[in-house]
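Novice: After the sequence you'll find the predicted model.
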Amino acid sequence: MTGEEIADLFARLLQAARAHGDLGWRPIHGEVAKLDPTRDPAVLANIRDYYHGGFGLDPRDYFPDAGSEAEMVARGGAAADRVFGDVVVDPDSLDRMFRNSRAYVEKVYPRFLPVFDRVCIDPVASGGPRGYLDTFVSESGPLPTCHASIGVAVRVVSLMAALEKYKPFHGVGPTGRMLEIGGGHGHLLKSLAEFHRGGQLIAVDLPANLMATHLYFERHFPGAVGRFWFDDDRIDPSARLVTVAPWKLRELPVADTIALNFRSFQHMDRANHTFYSDALKAIGCKAVYHLNRDVVRDPTDLRLDDYPLRGWMREMARSVAPLEFNTVFMGDEAVSLYLVEELLIRDQT
């Protein structure tokens, strides 16, 4: 797509968002920037996971002298080609994160270690500040990786292990879909697409992220990405990945679905939670696998126990999986202290 075509499509997306803005999905706080009509089409077309990866990385990991996330984003958008050299990666921090995370996977999910290693590889098309570690090599030499890819690798392994463990409960068969709410720019679903042999992978997000995700998917899976944003859109059943606007979520054809959310629910108020809870229930969601804080940091935050989706899933479930804690390493620090992971299972038997 040309810059003009991207700008036109984004303008149409924002127009549709305004027309359906009273349904409860509206962004709050800093998320309102994702409705910004002045977004540069070139940024949307080339955006990578280097400064919006959904993992709360310290901007100094990417820009050692940056004073804030706002400065990091501004500098990231202005950088030539929006691809950064290894000079902005702290190799010691990256090496520690890789070693610690790999040791954790080897201990807890040893069978999925090859999956972890594969997802950690960060190809040029994924962008981001890449590092080459002596501890991460192939026959041809050191492999490129980055903080976001390592974090995504732990999430992919954890998800695959949990779905396998609880398969008798969630009952999602080979046509089952993975639907991620608030996936940043698609890094997780792009990685899952290499291993999930079931149904479509669906990304739901706010307009600017949705546009960036769609273009990101197209770079990795040209011709295999569907769109469900506008009234006349239809989902091609052969599409490997599909991007879906929040206001179209309830219109998805009902089918077995597992919903994913990694830290986006914790940025939503009750109206947002109610909107997504009602939509997931309407489309026949069978399980919700999410990673979110159980700490209130803003008056609008909801604790995990107050998430509306937990109510209807418990009502329909005869079995609810216990909380499972996992660890993601950032440098030397394990961040599981403020993240909690749970899998809610609807028993169909």
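Specialist: Received it, and whenever you're ready, just let me know what you need. In this text, all values refer to a predicted model and were calculated from it rather than measured experimentally.
Novice: so Thr300 sits right up against Ile28, yeah?
Specialist: Yes. Applying Cβ atoms under 8 Å, one finds Thr300 in contact with Ile28, separated by 6.5 Å. No exception for glycine: its C-beta is placed from N, CA and C like everyone else's.
Novice: What are the boundaries of the helices in this protein?
Specialist: For the chain, the helices defined by DSSP state H occupy 3-19, 41-46, 69-78, 91-108, 113-120, 147-165, 167-170, 187-192, 207-220, 270-282, 308-316.
Novice: For the last one, give the mean pLDDT please.
Specialist: Averaging the model's pLDDT scores along helix 308-316 yields 76.
Novice: Then the third one?
Specialist: Model confidence over helix 69-78, given as mean pLDDT, is 58.
Novice: related to what we said a few turns ago, most packed of the helices of the chain?
Specialist: Comparing the helices of the chain by mean neighbour count (mean count of other Cβ atoms under 10 Å), helix 187-192 ranks first with a mean of 25.
Novice: For that one, which outside residues touch it?
Specialist: Helix 187-192 is contacted by residues 49, 53-54, 119, 126, 148-149, 152-153, 155-156, 159, 178, 180, 183, 201-203, 216-217, 220-221, 241, 260, 262 when judged by Cβ atoms under 8 Å, 6 or more residues apart in numbering.
Novice: hmm, back to that, for Thr300 and Ile28, list the residues in contact with both.
Specialist: Shared contacts of Thr300 and Ile28 (Cβ under 8 Å, 6+ apart): Asp269.
Novice: where in the stretch 101-250 of the chain is pLDDT low?
Specialist: Along the stretch 101-250 of the chain, segments meeting pLDDT under 70 span 124-130, 166-175.
Novice: ok, now which ones touch Asn261?
Specialist: Taking Cβ under 8 Å, 6+ apart, we find Asn261 in contact with Glu180, Ile181, Gly182, Val288, Tyr289, His290, Leu291, Asn292.
Novice: Kindly report the same for Arg227.
Specialist: Applying Cβ under 8 Å, 6+ apart, we find Arg227 in contact with His214, Asp233, Val242, Thr243.
Novice: cutoff 10 Å now
Specialist: The contact partners of Arg227, by Cβ atoms under 10 Å, 6 or more residues apart in numbering, come to 9, 13, 210, 214, 217-218, 233-236, 239, 242-245, 248.
Novice: So His214 is in contact with Gly186, correct?
Specialist: Yes. Between His214 and Gly186 there is a contact under Cβ atoms under 10 Å: 8.3 Å.
Novice: any common contacting residues for the two?
Specialist: What both His214 and Gly186 touch, as defined by Cβ under 10 Å, 6+ apart, is the set Ala203, Asp205, Val225, Leu241, Thr243.
Novice: Go ahead and confirm Ser149 touches Val119.
Specialist: Yes. Judged on Cβ under 10 Å, Ser149 makes contact with Val119 at a distance of 6.5 Å.
Novice: Tell me which residues are up against stretch 6-19.
Specialist: 1-2, 25-27, 34-37, 39-45, 206-208, 210-212, 214-215, 227, 229-231, 233, 245-248.
Novice: what does stretch 20-31 give?
Specialist: Residues outside stretch 20-31 that contact it (Cβ under 10 Å, 6+ apart): 17, 32-35, 69-70, 181-182, 204, 206-209, 231, 245-250, 264, 267-279, 298, 300.
Novice: Could I get the buried residue list for it?
Specialist: Using 16 or more other Cβ atoms under 10 Å as the test for burial, stretch 20-31 gives Gly24, Trp25, Arg26, Pro27, Glu31.
Novice: go on, stretch 246-254?
Specialist: Pro246, Trp247, Lys248, Leu249, Leu252.
Novice: mind giving me the domain split of the chain?
Specialist: Listed by automatic domain parsing, the domain ranges of the chain are 47-165, 168-345.
Novice: any idea how far Pro37 is from Phe217?
Specialist: Phe217 sits 23 Å away from Pro37, taking Cβ to Cβ, to the nearest Å as the criterion.
Novice: what's the answer for Pro27, then?
Specialist: In terms of Cβ to Cβ, Pro27 sits 14 Å off from Pro37.
Novice: Same check on Gly151?
Specialist: According to Cβ to Cβ, Gly151 stands 31 Å off from Pro37.
Novice: quick one: Met211 and Asp36 touch, right?
Specialist: No. Counting by Cβ under 10 Å, Met211 sits too far from Asp36 to count as a contact (11.3 Å).
Novice: now the buried residues of stretch 20-31 as a markdown table including distance to Glu106 and pLDDT?
Specialist: Output for those, formatted as a markdown table (distance: Cβ to Cβ, whole Å; pLDDT from 0 to 100):
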| residue | distance to Glu106 | pLDDT |
| --- | --- | --- |
| Gly24 | 43 | 80 |
| Trp25 | 40 | 83 |
| Arg26 | 43 | 80 |
| Pro27 | 39 | 73 |
| Glu31 | 37 | 69 |
